[in-house]
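Peer 1: I'd like to go over a predicted model; first the sequence, then the structure.
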Amino acid sequence: MGGLALSRLLTALLCAGLTLSANAQDKDVRLPDLGSSANALISPQEAQDYGAAMLRQMRALDMMVDDPMLDDYINDLGYRLVAGSEKPKDHFVFSIAKDPVINAFAAPGGYIVVNSGLVIITDSESELAGVIAHEIGHITQNHLERAFEASKKDTPLMALVLLGAIAAGAGAGAGDAAGAILLGGQGLLMQRQINFTRKDETEADRAGIQTLANAGYDPNAMASFFGRMEDTMRVGSGGDLGDVPSFLQDHPVTQSRISDAKARAAALLAEQKRRPSGSTLDKTQWEKSTAPILYVKDPTSLSSNTHKGDLDTFLLMRERIRVLSGDALQLSTYYASNLQTNRDFNTPSNHYGYALALIRSNRGAKAMDELQPLLTAHPDNQVLRLAMADAKNQAGRRAEALSLYAELNTQSPRNRAIAMSYAKALTEGGSQDEARQAAVMLLPMLDNNEEPELYRTFARASDKAGDPIRAGEAFADASYLSGRPFDAMEQLKRLLQRPDLDYYARARIQARISDLTPLVMELRKRRVQTDDNPDGRSQQPLKNGAACQGRLCFSADQGGR
């Protein structure tokens, strides 16, 4: 866990929040490939730190869809594209924001965020890949660095504006103010604030289309998606820019841009046809994403591409995003109504979405009934089998659920989605030995992982297994990764006071405190409001020895609840 000084964080926010001057946009000048001044101001490691800080801040505002299955899916897709890009060795991280607005954005350090609303509106994985490839193009073509270079004179002013936006958005009691500020376009690395030039957009299109083709996707998918977005603007806007999808405001679509994308795709298809027999991929192969995967983060991932005769993983993940980013009760009504009245709605992915909505609204038995026909047709589909295990566990059929979890975990021992569901089932209502089994299973997955829920799940298992020190460390890490550094620091300090620490535990805790200290001191020095330390005030101890900050309370033995 590495601490970030606020000055670095401000530079990060500035880099993605800056706005090009009107003159720079009008001239549409192609800046040279920057390797000197901009690179000196933002090193690759600093850029990665900025992107990581952005995700922590967004998690603090409950803006992210944090789900291990979806995380694997979007990163497997993203890295397949990165492997076909101009810079396959660069650092990238792909995430999904809990936002119905149709948009996506790129941030320093190779961090690309896709809104749930954009995923839901796409018709195929190739269309989603087209949007992500476009954002990858902005990064591989150094557009963020060029924008920073063009606007570095505005650094002090923009830093103050963005600092104010974050202080207001993350302050205690802010309520809906955070969302209003962010959606209003004043803070936290929103792509709409990076006003790329028209040439930047065209360059990102062309690089993205080449990336699509290299990765085995349909190169026409980008033009197809742009065309549908243009139809949406033409039919739905009524001349009111507020009704235009944010994606179109940030990525203006014109007929010439669509035509250029189609021409580029056609040229790539023609080039493929000229290649020797056996080395080509026709359009149907692109669309079904059956091309060899150039890079997969985890070969045991649930989100690997579909095999012949299996379900379309993209459609399942699209419904999963819809359910996890919305209201479960409302969505269960949506699915039930449409499945009953709309024949075209009767698809496996919509039945899966309905089952997820039922599970999330505590109706596991009914979800089992919804999943069983799907599993009869697709008995080996791990996504469906994991959903069935979750449904059985919720319906009170714990022994059957644990047996299914164990079988899935044996088949895919490194899969976080399976491991976390299995660990939660072992810990909740289980024995100390079962909780210890859960902790042992999750411990290897903590390395180089920044998902707060994984740390919380491990912490609860460790606590029940009788290891309060490991539990406390993990709860502190979860707080830090959720954008709550003050909570993390206080938990670590309380842990350090325990008389039963051995040498190794004390060394681990001291190292974490050392990492966090520069960030916490800088935040206090600048009196930056955060949800876990409003106005720089220290927390108030409670009678039972716990401490409450913001919405969370922590005890010395149990960490966060």
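Peer 2: Alright, I've got the coordinates.
Peer 1: how does the chain divide into domains?
Peer 2: Following automatic domain parsing, one gets these domains for the chain: 7-288, 467-561.
Peer 1: tell me where the stretch 1-150 of the chain has strands.
Peer 2: 93-97, 104-107, 111-115 (DSSP state E, counting those that start in this stretch).
Peer 1: packing partners for the second one?
Peer 2: Helices and strands in packing contact with strand 104-107 are listed as helix 6-17, helix 44-60, strand 111-115, helix 125-140; criterion 3 or more C-beta pairs under 8 Å, 6 or more residues apart in numbering; DSSP states H and E. For glycine as for every other residue, the C-beta is placed from the backbone atoms N, C-alpha and C.
Peer 1: redo that, cut-off 10 Å
Peer 2: Strand 104-107 sits against helix 6-17, helix 44-60, strand 93-97, strand 111-115, helix 116-121, helix 125-140, helix 143-151, helix 246-250, with contacts defined as 3 or more C-beta pairs under 10 Å, 6 or more residues apart in numbering; DSSP states H and E.
Peer 1: rewinding a little: reformat the strands of the stretch 1-150 of the chain as JSON lines; add distance to Gly396, mean neighbour count and mean pLDDT.
Peer 2: JSON lines is the format used below for these (distance: least, C-beta to C-beta, whole Å; neighbours: other C-beta atoms under 10 Å; pLDDT from 0 to 100):
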{"stretch": "strand 93-97", "distance to Gly396": "32", "mean neighbour count": "23", "mean pLDDT": "95"}
{"stretch": "strand 104-107", "distance to Gly396": "41", "mean neighbour count": "26", "mean pLDDT": "85"}
{"stretch": "strand 111-115", "distance to Gly396": "37", "mean neighbour count": "26", "mean pLDDT": "93"}
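Peer 1: export the ones you listed to TSV and append columns for distance to Met58.
Peer 2: Rendered in TSV, the data for the strands of the stretch 1-150 of the chain read as follows (distance: least, C-beta to C-beta, whole Å):
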stretch	distance to Met58
strand 93-97	7
strand 104-107	10
strand 111-115	8
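Peer 1: ok, which of those comes nearest Asp502?
Peer 2: With C-beta to C-beta as the criterion, Asp502 lies closest to strand 93-97 of the strands of the stretch 1-150 of the chain, at 34.6 Å.
Peer 1: just the CA coordinates for that closest one, please, in CSV.
Peer 2: Taking Å, rounded to 0.1, in the frame of the first residue of the first chain, the C-alpha atoms of strand 93-97 are listed here in CSV:
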residue,chain,number,x,y,z
VAL,A,93,-6.6,-0.8,-15.7
PHE,A,94,-10.2,-1.1,-16.8
SER,A,95,-13.1,-0.4,-14.5
ILE,A,96,-16.9,0.1,-14.6
ALA,A,97,-18.6,3.2,-13.0
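Peer 1: the strand or helix carrying Ala267 - what's its average pLDDT?
Peer 2: Following DSSP states H and E, one finds Ala267 within helix 255-274. Throughout helix 255-274, pLDDT has a mean value of 66.
Peer 1: quick check: closest non-adjacent residue to Gly472.
Peer 2: Spatial nearest neighbour of Gly472, chain neighbours left out: Leu495 (4.5 Å); criterion: C-beta to C-beta, 6 or more residues apart in numbering.
Peer 1: any idea how far that neighbour is from Pro468?
Peer 2: 9 Å (C-beta to C-beta, to the nearest Å).
Peer 1: of these two, which one has the most company?
Peer 2: It is Leu495, of Leu495 and Pro468, that has more neighbours when counted by other C-beta atoms under 10 Å, with 25 against 20.
Peer 1: check contacts around that one.
Peer 2: Applying C-beta atoms under 10 Å, 6 or more residues apart in numbering, we find Leu495 in contact with 468-469, 471-473, 475-476, 501, 505-506, 508-509, 512-513, 556-557, 559.
Peer 1: 8 Å instead, please
Peer 2: By C-beta atoms under 8 Å, 6 or more residues apart in numbering, the contact list for Leu495 reads 469, 472-473, 476, 501, 509, 556.
Peer 1: which ones are touching the residue lying closest to Gly364 once chain neighbours are set aside?
Peer 2: With sequence-adjacent residues excluded and distances taken as C-beta to C-beta, 6+ apart, Gly364 is closest to Gln394, at 3.1 Å. Gln394 sits next to 359, 362, 364, 367 when contact means C-beta under 8 Å, 6+ apart.
Peer 1: from Glu428, how far off is Gln394?
Peer 2: Per C-beta to C-beta, Gln394 is found 10 Å from Glu428.
Peer 1: likewise Met368?
Peer 2: Taking C-beta to C-beta, one finds Met368 at 19 Å from Glu428.
Peer 1: out of the two, which sits in the more crowded spot?
Peer 2: Taking other C-beta under 10 Å, Met368 and Glu428 do not tie; Met368 has more neighbours (22 against 15).
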